[in-house]
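S.K.: for reference, the sequence and a predicted model appear below.
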Amino acid sequence: MTTMTEASVREFKMPDVGEGLTEAEILKWYVQAGDTVTDGQVVCEVETAKAAVELPIPYDGVVRELRFPEGTTVDVGTAIIAVDVAGGAPAAPETPAEAPEASTAPEASAAPEKKPEGRQPVLVGYGVAASSTKRRPRKGPEVPVQQASVAIQTELNGHGPATTSPAATVQPRPLAKPPVRKLAKDLGVDLTTVIPSGPDGIITREDVHAAATPAEAPAPEPVVTQAPVTAAAAPTASYDAARETRVPVKGVRKATAAAMVGSAFTAPHVTEFVTVDVTRTLKLVEELKQDKDLQGLRVNPLLLIAKALLVAIKRNPDINASWDETNQEIVLKHYVNLGIAAATPRGLIVPNIKDAHTKTLPQLAESLGELVATAKEGRTSPAAMQGGTVTITNVGVFGVDTGTPILPPGEAAILAVGAIKLQPWVHKGKVKPRQVTTLALSFDHRLVDGELGSKVLADVAAVLEQPKKLITWA
């Protein structure tokens, strides 16, 4: 994703490395101003809400400028690096003081050497403007005069009126959620005149109400305007930096939080449990480790648990579905993308094995090994975490018996596997020490009845207790 500025300078913009992602954080730069780069060379690593991704440059040249430092969150579509494709020397970095000097359209078009594109970050909240408001790039008519856009942003941030330049009449569409837009319409408020106070420059309901009652602003009593400031300052005053640490919510953690809240308060969850003797399954695992067809592959209980779940889905295909709220339909899926919840240094992710139902045991073992290794290295791609249909979470690796897992959005079932422990168990009429675990199946009660959920969980347990059912049922 590139744009042309000067005749020999190209800008590389932050691409959408996932489906619909709007921003990414620059984790690390691999180049500096003055370095020579070649087509396909990785220039930086970024973290989206789903994964860490390396970005290659799509052309040869010399790095002119890095637009943002490491640790900066940048909107998709914003230029992050400028490259001189003619191999020219890197230009000196532009200082913030230069930004307000070029304030008219003729200067921008007549003096390209001042690099007006260097001030592009101002439009998304990373420039000389005092406000932290960040605006998402919008599609629309191209306006070559960037100073006019800066003036528009300045007005939205509450720093004064916009310039009277004709180009300034082309304004970006204000950021607001549909209910807020409806409220503004009902109250007769023009959103382009509202100063946003929400995160990322989003207009809130309070902003609309404030714009609808302008008479309250010049009121002699300052209590109305001071009250929010006092309330906002209270948490800051009680914050003890010596005894508390505040970590910004972003990246994988931000995406996980949004997904879990959305799932927990959208799908009515039901969780069922079963305790099962898996002694025979563990014996089979040891035998499979010696099988020449599985040499060098990851063979463990999770492999057979995954196979058992796939068999249960084949016997009860209605569990492999999703709820379409918009169209009021149940979507039955004739494929299984098996998700495996993985704890990583960046947080919980759920990559999935595509078409797991078609794989043989060695193929499934290979896919599981690759999935786990990639997740531990932090190299899981966004595509690998999309399209899951059913998930397994192995909480037993942390020594706990079981849990009540929350469904990944768009899935109807998730299986939690507890720790496998040696316990007294009635086996063939006698109490003997056996390897026992507890399974928990959470499902969406809108489309999965108790009978269907119970059958799926019982089938998984039956396979793990009698692994020969992998043959008779498959």
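M.R.: Happy to help now that I have it. Numbering: from 1, shown residues only.

S.K.: and the biggest strand by length in the chain, what's its mean pLDDT?
M.R.: The strand spanning the most residues in the chain, taking DSSP state E as the definition, is strand 430-444. Mean pLDDT, computed over strand 430-444, is 96.

S.K.: would you map the helices across the chain?
M.R.: Ranges of helices in the chain, per DSSP state H, are 105-110, 146-156, 178-187, 205-212, 223-238, 251-264, 279-289, 301-315, 361-376, 450-465, 469-472.

S.K.: tell me the mean pLDDT for the fifth one?
M.R.: It refers to helix 223-238. Regarding helix 223-238, the rounded mean pLDDT is 49.

S.K.: now do the first one
M.R.: For helix 105-110, mean pLDDT rounds to 41.

S.K.: swap in stretch 63-76?
M.R.: pLDDT averaged over stretch 63-76 gives 90.

S.K.: circling back: a markdown table please, covering the helices of the chain and showing mean neighbour count and distance to T73.
M.R.: Yep, even glycine has a C-beta here, placed from its N, CA and C like the rest. Converted to a markdown table, those look like this (neighbours: other C-beta atoms under 10 Å; distance: least, C-beta to C-beta, whole Å):
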| stretch | mean neighbour count | distance to T73 |
| --- | --- | --- |
| helix 105-110 | 14 | 27 |
| helix 146-156 | 22 | 18 |
| helix 178-187 | 14 | 23 |
| helix 205-212 | 17 | 23 |
| helix 223-238 | 9 | 22 |
| helix 251-264 | 16 | 9 |
| helix 279-289 | 16 | 44 |
| helix 301-315 | 22 | 35 |
| helix 361-376 | 18 | 23 |
| helix 450-465 | 20 | 40 |
| helix 469-472 | 12 | 47 |
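
S.K.: Y59: which of those is closest?
M.R.: helix 146-156 (23.2 Å; C-beta to C-beta).

S.K.: returning to what we had before: for the helices of the chain, which one sits closest to W425?
M.R.: Comparing those under C-beta to C-beta, the one sitting nearest is helix 279-289, at 8.3 Å.

S.K.: relative to helix 450-465, how tilted is the closest one?
M.R.: 60 degrees (axes from the mean of the first three to the mean of the last three C-alpha atoms, to 10 degrees).

S.K.: what helices and strands are in contact with helix 279-289?
M.R.: helix 301-315, strand 430-444, helix 450-465 (3 or more C-beta pairs under 8 Å, 6 or more residues apart in numbering; DSSP states H and E).

S.K.: which of the ones you listed sits closest to L422?
M.R.: Of the helices and strands packed on helix 279-289, nearest to L422 by C-beta to C-beta is strand 430-444, at 5.2 Å.

S.K.: alpha carbons only: can I get the closest one in PDB?
M.R.: Taking C-alpha atoms only, strand 430-444 is exported to PDB below (Å, rounded to 0.1, in the frame of the first residue of the first chain):
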ATOM      1  CA  LYS A 430     -12.900 -53.200  42.100                       C
ATOM      2  CA  VAL A 431     -11.500 -49.900  43.300                       C
ATOM      3  CA  LYS A 432      -8.200 -49.300  41.400                       C
ATOM      4  CA  PRO A 433      -5.900 -46.400  40.700                       C
ATOM      5  CA  ARG A 434      -6.800 -45.100  37.300                       C
ATOM      6  CA  GLN A 435      -5.900 -42.000  35.200                       C
ATOM      7  CA  VAL A 436      -9.000 -39.800  35.400                       C
ATOM      8  CA  THR A 437      -9.900 -36.300  34.000                       C
ATOM      9  CA  THR A 438     -12.900 -34.100  33.900                       C
ATOM     10  CA  LEU A 439     -14.300 -32.700  30.600                       C
ATOM     11  CA  ALA A 440     -16.500 -29.600  30.400                       C
ATOM     12  CA  LEU A 441     -18.500 -28.600  27.300                       C
ATOM     13  CA  SER A 442     -20.000 -25.100  27.000                       C
ATOM     14  CA  PHE A 443     -22.500 -24.500  24.200                       C
ATOM     15  CA  ASP A 444     -24.800 -21.900  22.800                       C
END
